[in-house]
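Novice: Got a sequence here, can you model it:
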Amino acid sequence: MRGALAAGHPLTAQAGADVLFAGGNAVDACIAAAGVSWVCESPLTGPGGGGFLLVHNGREARTRLLDFFVAVPERTHVPEELVGIVVDYGDSQQIFYTGPMSVAVPGAALGLWEAHRRWGSVPWAELLAPAARLAREGVVLNEVQAYLHRILDPLLRYSPEGDALYGPGRALLEGERFADPELADTLEQVAAEGAGCLYRGELAERIAAHVPITLADLARYEVIEREPFATSYRGDELRTNPPPSSGGRRLAVGVEALGDADPTPPAIVRAMEAQDAMRTQAVGGTTHISAVDDNGDAASLSCSMGSSGGIVVPGTGIQLNNMLGETHLMGEMRPRARLTSMMAPSLLLREGRPRLVVGSAGSSRLAGAVLQVVVNVAARGLGVEEAVDAPRIHFEQGVTHCEDPAVADELEAAGYPVVRWRARNLFFGGVSAVEIRDDGSLAGAGDPRRDGAAVVVQA
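Specialist: Prediction:
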């Protein structure tokens with residue numbers, strides 16, 4: 001087998017799988033898949049966002065993390081200029097904030113560029129070509145993407161530019177086509193010149209002219225290498241996103257709280273209570289890609305644009321994040337500082353070799369989603385597809401949300417207030433995971449809650 005890749009959309013997964021089939025490595029595959037996700041998962045991710053990439057080098061037996069999450073610009077934050085918009089999931093609601101003052105300095109494109117500089121083996125331009133082509137031709141919305149467009153519509157079309165991009169004056173429907181030809185032009189320029197053209201030059205000037213981010217903010221942005229956070233669970237080593245972000249630490253707190261105990265629903269909730277005690281403001285709108293290759297390398301990539309605040313840079317097709325809107329209740333933020341994030345790209349290793357590559361979308365729910373998949377694989381012995389598909393629970397601020405009626409009954413009998421969901425929902429995260437089995441074979445799973453997909457590439 002040449003490798004495997006799991007992602008939040010079938011086209012995202014196929015783009016990465018095509019790279020693996022052609023002989024590219026796990027990082028190459030993640031870069032190509034991420035570019036395509038900027039088109040087919042445009043409400044969630046894009047070059048105007050940020051993220052984290054966890055890379056395990058099989059030959060060196062070493063794991064490193066690249067932090068290219070968004071940064072605070074050199075200006076005073078004015079929360080009064082933000083607009084609150086309610087997103088209705090059906091059985092729960094969440095308020096997101098947007099406006100020009102909500103935009104943080106993006107890092108997504110530069111992060112992928114740096115990853116390619118360090119580990120890429122396929123030419124950069126080849127990796128971005130599928131994304132540029134899709135942006136120009138457009139992608140037909142599937143059921144889950146149409147649902148996302150519907151619930152995020154007030155955010156997506158917040159600005160005149162967003163309305164023009166996502167029109168025609170209403171949310172796009174399943175079967176309709178979304179295209180971003182201006183983004184195609186931008187991606188072709190980035191493919192030819194490198195991601196630095198978004199941080200210096202004409203494209204940077206367009207960004208700085210449209211939102212309160214200066215050319216100096218863009219020019220000084222840097223990708224940071226960090227040592228992954230490590231803990232253990234049932235004899236395996238878990239490596240994940242370290243501080244200053246909180247997602248990896250929340251995940252670690254959950255597995256440490258469980259220990260070797262039987263992972264019953266009440267035990268899972270108690271672990272989530274421990275996670276909730278270190279609660280920070282969550283950022284929505286994430287996508288995750290997991291990949292392994294035949295060199296024994298693994299890559300776990302999480303990217304986010306916040307909750308798609310509808311801020312589109314004229315003439316570029318680039319949607320910008322609204323990350324400062326998500327953190328506006330947290331008080332003063334230090335200029336140039338990285339924002340904290342709930343994202344938790346992770347690896348589970350056995351005797352130094354990857355066993356599970358995993359991460360999730362889902363705002364404040366993603367650490368719990370990853371926790372439950374890790375538990376399903378490492379403690380319950382489920383295969384990755386079963387582990388991702390299994391019903392989930394989520395505990396937050398004293399309330400337990402539950403997909404499975406029988407589990408809801410058990411938790412209510414144990415005294416927990418429960419919100420019962422009538423159907424599985426991407427509220428509970430969008431996990432993408434690849435499993436390396438004991439015999440060396442591969443399996444992958446994209447979360448059915450968001451029409452995720454996985455491809456195992458044969459030699």
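
Novice: how far does stretch 421-437 stretch from start to finish?
Specialist: One end of stretch 421-437 to the other measures 33 Å (Cα to Cα, to the nearest Å).

Novice: Identify each buried residue in that stretch, please.
Specialist: For stretch 421-437, burial by neighbour count (16 or more other Cβ atoms under 10 Å) applies to 421, 425-436. Every residue, glycine included, has its C-beta placed from N, CA and C.

Novice: Stretch 154-174 now?
Specialist: Of the residues in stretch 154-174, those with enough neighbours to count as buried (16+ other Cβ under 10 Å) are 154, 155, 156, 157, 158, 159, 161, 162, 165, 166, 171, 172.

Novice: Report the separation between residue 84 and residue 129.
Specialist: As judged by Cβ to Cβ, to the nearest Å, residue 84 and residue 129 stand 39 Å apart.

Novice: again with residue 200
Specialist: Taking Cβ to Cβ as the measure, residue 200 falls 23 Å from residue 129.

Novice: again with residue 370
Specialist: Counting by Cβ to Cβ - residue 370 and residue 129 are separated by 32 Å.

Novice: Just want to know which of these two has more residues nearby.
Specialist: Looking at residue 370 and residue 129 with other Cβ atoms under 10 Å, you find the greater number of neighbours at residue 370, namely 32 against 17.

Novice: I'd say that one and residue 251 touch.
Specialist: Yes. Residue 370 lies in contact with residue 251 (Cβ atoms under 8 Å); the separation is 5.6 Å.

Novice: anything in contact with each of those two?
Specialist: Common neighbours of residue 370 and residue 251, using Cβ atoms under 8 Å, 6 or more residues apart in numbering, are 344, 346.

Novice: where does residue 382 land on pLDDT?
Specialist: According to the prediction, residue 382 has pLDDT 97.

Novice: Determine the number of other residues adjacent to it.
Specialist: For residue 382, using other Cβ under 10 Å, the count is 17.

Novice: Please name the residues that touch it.
Specialist: Listed by Cβ under 8 Å, 6+ apart, the contact partners of residue 382 are 376, 390.

Novice: Check the gap between it and residue 30 for me.
Specialist: Residue 382 is 25 Å from residue 30, by Cβ to Cβ.

Novice: what do you get for residue 59?
Specialist: Between residue 59 and residue 30 the distance is 18 Å, computed by Cβ to Cβ.

Novice: Between the two, which is the more surrounded one?
Specialist: Under the neighbour definition other Cβ under 10 Å, residue 59 and residue 30 were set side by side, and residue 30 has more, 30 against 8.

Novice: In terms of secondary structure, what does the helix or strand encompassing that one contact?
Specialist: For residue 30, the element it lies in under DSSP states H and E is helix 26-40. Under the contact criterion of 3 or more Cβ pairs under 8 Å, 6 or more residues apart in numbering; DSSP states H and E, helix 26-40 touches strand 3-7, helix 10-21, strand 50-57, helix 108-119, helix 124-137, helix 181-193, strand 286-293, strand 298-304.

Novice: Dump those to a markdown table, plus distance to residue 205 and mean pLDDT.
Specialist: Formatted as a markdown table, those follow (distance: least, Cβ to Cβ, whole Å; pLDDT from 0 to 100):
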| stretch | distance to residue 205 | mean pLDDT |
| --- | --- | --- |
| strand 3-7 | 33 | 98 |
| helix 10-21 | 30 | 98 |
| strand 50-57 | 21 | 98 |
| helix 108-119 | 16 | 99 |
| helix 124-137 | 22 | 99 |
| helix 181-193 | 13 | 99 |
| strand 286-293 | 28 | 94 |
| strand 298-304 | 24 | 97 |
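
Novice: Low-confidence stretches in this structure?
Specialist: Where the chain drops to pLDDT under 70, the residues are 1, 76-80, 90-92, 279-285, 326-332.
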